[in-house]
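Visitor: give me a model of this one.
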Amino acid sequence: MKSYMKKAAAALAVAGVAVSLAACSNGNNATVVSYKGGKITQQQYYDEMKKSQAGQSTLANMIINRALEEQYGSKVSQKEVDKQFNNYKKQYGSQFSAVLQQNGMTQSTFKQNIKTNLLSEAALKDIKKISKKQEESAWKNYQPKVKVQHILVAKKSTANNIIKQLKAGKSFASLAKKYSLDTSTKNDAGKLPAFDSTDTTLDSSFKKASFKLKTGEITETPVKSQSGYHVIKMIDHPAKGTFKEHKKAIDNQIYASMAQDQETMRSVISTVLKRADISIKDSDLKNVLSSYISTNNLKN
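Guide: Numbers count the residues shown, from 1 in each chain. Predicted coordinates:
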């Protein structure tokens, strides 16, 4: 979640000035700050903010968010937003508030970012259609959901010792309880939720090593990930099955990959903005959307 939050923070870092930009656009001269000998009005603040990269980025984000909301709001429910939010909250437990703070976010701004991402996904699926060639390519590398047990340790030597004990007949459950650093699974024999090749939460090296195992097999050597070293046992590795059985998961995997491509998402947002029929009234701000669309596509 930390990397996700960093992206969210980058997008929303200037959210604090958004209200001011919107409020000042009517030329209001109400006082924002007073000091001995003078004051700063809303208009003066607005004039300065619209010259800054932060102010222009804020306006661009506001336009994009509202265009997405208008076109795809019906496809994203508050229930979906809350579900994702609660999953992150559960994952980080008592540290959730601290992680939010470290990334310069509040629960409210994080929820808004989740919603924006869901709206962007809805736009992506509407605008970009998956080709048969893409599906065929993804199917070649697809692995169905498997169930594994794992023991996570800090040192490779410890992992090698565990493998040696397993070969000598020690039970996986007892060794997981004794050694594993994964507190969420150590008391349940190291069992992880089932996952397939579309999973984005597990380390790629962990998944790759797991998919090589047959049911009942244990890794011969420790598997290194960002978390440490793993000893993995395959509980259930089913047959691949047919493409039709896994089409939905494969399409979701393709879209997830597309969502990570900046040029693809830039193209999607460009289409959304063109459909929104944007009209920027302040000539000083006419280029705020230039990263996505030409000013020729905007109304005066």
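Visitor: list the buried residues in the helix or strand where T264 lies.
Guide: Assigned by DSSP states H and E, T264 belongs to helix 262-276. For helix 262-276, the neighbour count (16 or more other Cβ atoms under 10 Å) marks 264-265, 268-273, 276 as buried. Placement of C-beta: from N, CA and C, glycine included.
Visitor: export those to a markdown table and append columns for distance to S184.
Guide: Listed next are these as a markdown table, based on distance: Cβ to Cβ, whole Å:
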| residue | distance to S184 |
| --- | --- |
| T264 | 34 |
| M265 | 33 |
| V268 | 36 |
| I269 | 37 |
| S270 | 42 |
| T271 | 41 |
| V272 | 39 |
| L273 | 42 |
| A276 | 44 |
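Visitor: between these, which is nearest Y255?
Guide: Closest to Y255 out of the buried residues of helix 262-276 is T264 (9.9 Å), distances taken as Cβ to Cβ.
Visitor: measure how far the helix or strand hosting I63 is from the centre of its chain, please.
Guide: Using DSSP H and E, I63 falls within helix 53-72. Helix 53-72 has its C-alpha centroid displaced from the chain centroid by 19 Å (Cα atoms, centre = their mean, to the nearest Å).
Visitor: which residues sit against the following helix or strand past that helix?
Guide: Once the chain leaves helix 53-72, the next helix or strand it forms, by DSSP H and E, is helix 78-92. Contact with helix 78-92 is made by 1, 96, 99, 107, 110-111, 114-115, 118, as judged by Cβ atoms under 8 Å, 6 or more residues apart in numbering.
Visitor: show me what whichever helix or strand comes after helix 78-92 is packed against.
Guide: Per DSSP H and E, the first helix or strand lying C-terminal to helix 78-92 is helix 96-102. When contacts are defined as 3 or more Cβ pairs under 8 Å, 6 or more residues apart in numbering; DSSP states H and E, helix 96-102 sits against helix 2-12, helix 78-92.
Visitor: try it again with 6 Å
Guide: With contacts defined as 3 or more Cβ pairs under 6 Å, 6 or more residues apart in numbering; DSSP states H and E, helix 96-102 has no helix or strand neighbours.
Visitor: in that helix, what counts as buried?
Guide: 96, 99-100.
Visitor: who does the next helix or strand after that helix touch, helix- and strand-wise?
Guide: Next along the chain after helix 96-102, taking DSSP H and E as the criterion, comes helix 107-127. The contact analysis (3+ Cβ pairs under 6 Å, 6+ apart) places helix 107-127 against helix 53-72, helix 78-92, helix 262-276.
Visitor: next one: L213 relative to D199, how far apart?
Guide: 16 Å (Cβ to Cβ, to the nearest Å).
Visitor: go on, F243?
Guide: From F243 to D199 the distance is 19 Å (Cβ to Cβ).
Visitor: and stretch 145-162, average pLDDT?
Guide: Averaging pLDDT along stretch 145-162 yields 97.
Visitor: what stretches of the stretch 201-300 of the chain score poorly on pLDDT?
Guide: For the stretch 201-300 of the chain, applying pLDDT under 70 flags the ranges 295-300.
Visitor: what kind of secondary structure is K233 in?
Guide: Here K233 is recorded as strand under DSSP: H, G, I helix; E, B strand; the rest coil.
Visitor: give me the number of residues near it?
Guide: The burial count assigned to K233 is 22, neighbours taken as other Cβ atoms under 10 Å.
Visitor: returning to that earlier point: now the contacts of helix 78-92: which count as buried?
Guide: Taking 16+ other Cβ under 10 Å as the criterion, what is buried in these is 1, 96, 99, 110-111, 114-115, 118.
Visitor: pLDDT and distance to F172 added to those, as a markdown table?
Guide: Shown next, in a markdown table, are these (pLDDT from 0 to 100; distance: Cβ to Cβ, whole Å):
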| residue | pLDDT | distance to F172 |
| --- | --- | --- |
| M1 | 47 | 29 |
| F96 | 92 | 31 |
| V99 | 92 | 32 |
| F110 | 95 | 37 |
| K111 | 95 | 40 |
| I114 | 95 | 37 |
| K115 | 96 | 41 |
| L118 | 96 | 38 |
